[in-house]
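1. Got a predicted structure plus its sequence, pasted below:
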Amino acid sequence: MAERTKYLLDEEALPTHWYNIGADLPVAPPPVLHPATHEPIGPDDLAPLFPMALIEQEVTAERWVEIPEPVRDVYRLWRPSPLYRARRLERALGTPARIYYKYEGTSPAGSHKPNTSVPQAWYNAEEGVERLATETGAGQWGSALAFACSQFDLDCEVWQVRASYTQKPYRKAMIEAYGATIHPSPSERTEAGRKILADDPDSPGSLGIAISEAVEAAGSDPDCRYALGSVLSHVLLHQTVIGQEAMQQMAAAGDQPNLVIGCTGGGSNFAGLAFPFLRENLAGRLDAVIRAVEPTACPTLTRGVYAYDYGDTAGLTPLMKMHTLGHDFIPDPIHSGGLRYHAMSPLLSHIVEQGLIEAVAYDQKPCFEAGLQFARTEGIIPAPEPTHALAACIDEALACKETGEEKVILTALCGHGHFDMNAYERYLAGELVDRPYPQAQMDEALTRLPRVDV
Ligand SMILES: *Cc1c(COP(=O)(O)O)cnc(C)c1O
């Protein structure tokens with residue numbers, strides 16, 4: 001029998017529910033606090049920014065949350081997504097390990113982001129919202145939300161981190177092709193943006209600044225709400241379709257992962273893949289190591305502090321306890337724009353604190369090296385973000401070669417790199433540098449953490 005490469009599921013196998021890890025955690029995460037009173041926030045505090053259905057999902061105690069049929073209907077455009085066994089990469093490495101990757105690059109936007117942009121747009125449309133405002137780093141989230149808004153007749157306004165806006169002009173064109181409006185951030189359109197530009201007219205921007213601008217825009221217009229592409233618990237919830245499908249596909253392959261690896265920016269694709277497997281770990285049905293990989297240029301989980309901080313630079317958001325480098329820390333403009341966020345999902349941070357998953361950091365050059373090795377064996381050119389996960393998979397597979405261990409490694413190839421070719425071009429031209437780890441800059445930013453007595 002021919003060796004199988006690709007595990008596909010029928011449309012009927014598309015999950016009917018999202019999985020909420022919160023229902024299975026031994027210790028509940030700390031509360032989210034009001035930025036002024038430092039008291040736990042309630043639904044009304046979030047109502048100017050989010051529709052009620054998403055606020056409820058943010059705090060739900062239900063283990064399973066039903067996916068609305070109109071959302072599943074859009075999911076069917078590309079879901080269930082394929083799971084591949086990376087046989088060609090395994091052969092090139094000469095490893096006894098078996099490497100599987102769940103490929104999310106088949107979505108209209110080319111990444112896992114539409115798994116959450118589609119339900120977010122739908123719930124907003126259901127509640128009569130007319131417009132969504134958002135930020136985007138590498139442009140992945142902006143294009144995913146623009147696509148989702150086009151499905152449900154919503155207007156969409158995007159602030160894109162300036163460094164990426166100039167590096168990746170085609171993401172802007174894509175966002176506009178879906179009918180959305182886009183501005184580079186910092187911009188003159190908001191008070192938060194104007195303040196940054198007054199201090200530093202050449203600011204490359206950051207996700208934290210772009211979030212401040214979009215939150216300000218949404219908060220000042222009753223017909224507009226805000227949408228976030230990562231970090232929040234409802235976003236991680238929506239992404240669990242990835243892991244649920246992967247579990248069915250691994251069963252079809254007759255394998256169970258010993259090691260689940262993903263890249264983390266705000267934590268959503270990683271959580272989406274990992275949480276259904278973490279549930280199995282917690283129930284004693286699986287004993288897999290679950291590992292997050294982040295860039296050394298923005299090492300929230302491995303070097304940040306676990307403390308209450310703002311989600312944005314201007315300090316407009318509620319206070320969340322999470323791994324943070326300080327809300328006004330601006331990471332170097334590395335090519336993995338999607339991994340340049342000053343903090344980590346509070347839910348994922350809590351799970352790391354509980355010792356349920358581990359984290360490592362990689363420099364960008366070995367990641368591009370891994371991305372090219374992957375492209376030259378498996379054929380898919382990965383987005384720069386998942387090359388972090390691939391570099392860690394390859395290191396594990398090479399270690400297995402030494403020990404002879406037949407580990408089963410599962411990762412999420414969370415997006416393709418077709419809009420990131422200028423990063424590959426620079427790597428191939430030998431122009432990419434690994435910057436020293438920004439300890440002084442981080443220490444400085446951490447002195448400005450909000451003081452919270454709880
Ligand atoms: C946005 C993005 C990321 C980072 O976000 P997470 O929430 O950590 O998943 C990683 N990879 C790709 C391809 C992205 O678009």
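-> Thanks, I have it. On a predicted model such as this, the values are computed, not experimentally measured, just so you know.
2. With just CA atoms, put stretch 100-108 into CSV.
-> What follows is stretch 100-108, C-alpha atoms only, in CSV (Å, rounded to 0.1, in the frame of the first residue of the first chain):
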residue,chain,number,x,y,z
TYR,A,100,2.6,15.9,11.0
TYR,A,101,1.4,19.4,10.2
LYS,A,102,-2.1,20.8,10.1
TYR,A,103,-2.2,23.2,7.2
GLU,A,104,-4.3,26.4,7.8
GLY,A,105,-3.0,28.2,4.7
THR,A,106,-5.9,26.9,2.6
SER,A,107,-8.2,29.6,4.0
PRO,A,108,-9.2,32.6,1.8
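3. Could you list the contact residues of the stretch 101-250 of the chain toward the ligand?
-> Ser111, Lys113, Gln140, Trp141, Ser230 (C-beta under 6 Å from any ligand atom). C-beta here means a position set from N, CA and C on the backbone, and glycine is covered the same way.
4. which of the residues you listed tops the neighbour count?
-> Counting neighbours by other C-beta atoms under 10 Å, Trp141 comes out on top of those with 33 neighbours.
5. can you pull out the helices in the stretch 201-350 of the chain?
-> In the stretch 201-350 of the chain, the helices defined using DSSP state H, counting those that start in this stretch lie at 207-219, 233-238, 241-253, 268-282, 300-303, 346-353.
6. on that earlier part again, cross the residues of the stretch 101-250 of the chain next to the ligand against helices and list the overlap.
-> Gln140, Trp141 (DSSP state H).
7. Turn the residues of the stretch 101-250 of the chain next to the ligand into a markdown table, including pLDDT.
-> Written out in a markdown table, the entries for those read as follows (pLDDT from 0 to 100):
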| residue | pLDDT |
| --- | --- |
| Ser111 | 98 |
| Lys113 | 98 |
| Gln140 | 94 |
| Trp141 | 96 |
| Ser230 | 94 |
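8. ok, back up a step: output the helices of the stretch 201-350 of the chain as TSV; include the columns mean pLDDT.
-> Below are the helices of the stretch 201-350 of the chain laid out as TSV (pLDDT from 0 to 100):
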stretch	mean pLDDT
helix 207-219	93
helix 233-238	98
helix 241-253	98
helix 268-282	98
helix 300-303	96
helix 346-353	98
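9. need the contact list for His350.
-> Leu25, Val27, Pro29, Pro30, Lys321 (C-beta atoms under 8 Å, 6 or more residues apart in numbering).
10. Go again with 10 Å.
-> Gly22, Leu25, Val27, Ala28, Pro29, Pro30, Tyr306, Lys321, Met322, His323, Met344, Leu356 (C-beta atoms under 10 Å, 6 or more residues apart in numbering).
11. what's the first one sitting at in phi/psi?
-> Here the main-chain torsion angles of Gly22 (degrees, to the nearest 10) amount to phi -50, psi -30.
12. can you check the second one too?
-> According to degrees, to the nearest 10, the main-chain angles of Leu25 amount to phi -80, psi 140.
13. related to what we said a few turns ago, kindly reformat the helices of the stretch 201-350 of the chain as TSV containing distance to His335.
-> Converted to TSV, those look like this (distance: least, C-beta to C-beta, whole Å):
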stretch	distance to His335
helix 207-219	15
helix 233-238	23
helix 241-253	23
helix 268-282	17
helix 300-303	18
helix 346-353	23
